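> I would like the atomic coordinates for the input below:
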Amino acid sequence: MAESPVPPAVQETVQALLEPRPMRRGSLSERFMRCGKAGCPCADDPSARHGPYDSVTRGVGGQTRSRRVPPEQAELARSQIEAGHEFRKHVEAYWQACEAWADVELEPPEAASQDGAAKKGASKRRSTRRSSPKSKS
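Numbers count the residues shown, from 1 in each chain. Just a heads-up that it's a prediction; the model follows:
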């Protein structure tokens, strides 16, 4: 059977995926941290913690990985994360368009569906018993 031509929805999503750019997964957040120095108030008082520090956080293999980002690069990291979100949206749109295309290919031709349609219950074959019936003695 010959493949059907690529639908426009699939072509559009492919074009969106073909525009490479730096991107990342995860999220950007501000963190306040303890320094660990003896006698520093940050150890006991949460409001005295140091920061805010920007960090990119994401899950990797069931663990959370964080990377600190300098303040002057926080906006760049934010735009990379947004690019990653857009990429995922395009990938999902691509999947949906390809699945719709696949569904169209699975639909039976109109002539075969009207003439040779099978009737429910038309099979003459009976199921066979796999184990012997229990005796009622």
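
> switch to C-alpha atoms for all contacts and neighbour counts from now on
Fine.

> Ala93: which element?
helix 74-106 (DSSP states H and E).

> rounded mean pLDDT for that helix, please.
Mean pLDDT, helix 74-106: 93.

> let's have the chain start at 27 instead
Yes, from this point I'll number from 27; that puts the last item at helix 100-132.

> so where is this structure shaky, pLDDT-wise?
Along the chain, segments meeting pLDDT under 70 span 27-29, 137-155, 157-163.

> which residues of it fall in strands?
Using DSSP state E, the strands of the chain run over residues 53-59, 76-86, 89-95.

> now the angle from the longest one to strand 89-95?
Angular relation of strand 76-86 and strand 89-95 on a 0 to 180 degree scale: 140 degrees, by axes from the mean of the first three to the mean of the last three Cα atoms, to 10 degrees.

> quick one: distance of strand 76-86 to the chain centre.
Strand 76-86 sits 23 Å away from the centroid of its parent chain (Cα atoms, centre = their mean, to the nearest Å).

> buried stuff in that strand?
Across strand 76-86, burial judged by 16 or more other Cα atoms under 10 Å covers Asp80, Ser81, Val82, Thr83, Arg84.

> so what secondary structure elements neighbour the helix holding Ala119?
When contacts are defined as 3 or more Cα pairs under 8 Å, 6 or more residues apart in numbering; DSSP states H and E, helix 100-132 packs onto helix 34-43, strand 53-59.

> apply 6 Å and report the result again.
Counting contacts by 3 or more Cα pairs under 6 Å, 6 or more residues apart in numbering; DSSP states H and E, helix 100-132 is packed against helix 34-43.

> next one: the helix it packs on to chain centre, how far?
18 Å.

> stretch 33-44 now?
The chain centre lies 18 Å from the centre of stretch 33-44; the measure is Cα atoms, centre = their mean.

> buried residues in it, which are they?
The neighbour-count check on stretch 33-44 (16+ other Cα under 10 Å) flags Val36, Thr39, Leu43 as buried.

> can I get those in TSV with distance to Glu112?
Below are the buried residues of stretch 33-44 laid out as TSV (distance: Cα to Cα, whole Å):
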residue	distance to Glu112
Val36	17
Thr39	12
Leu43	10
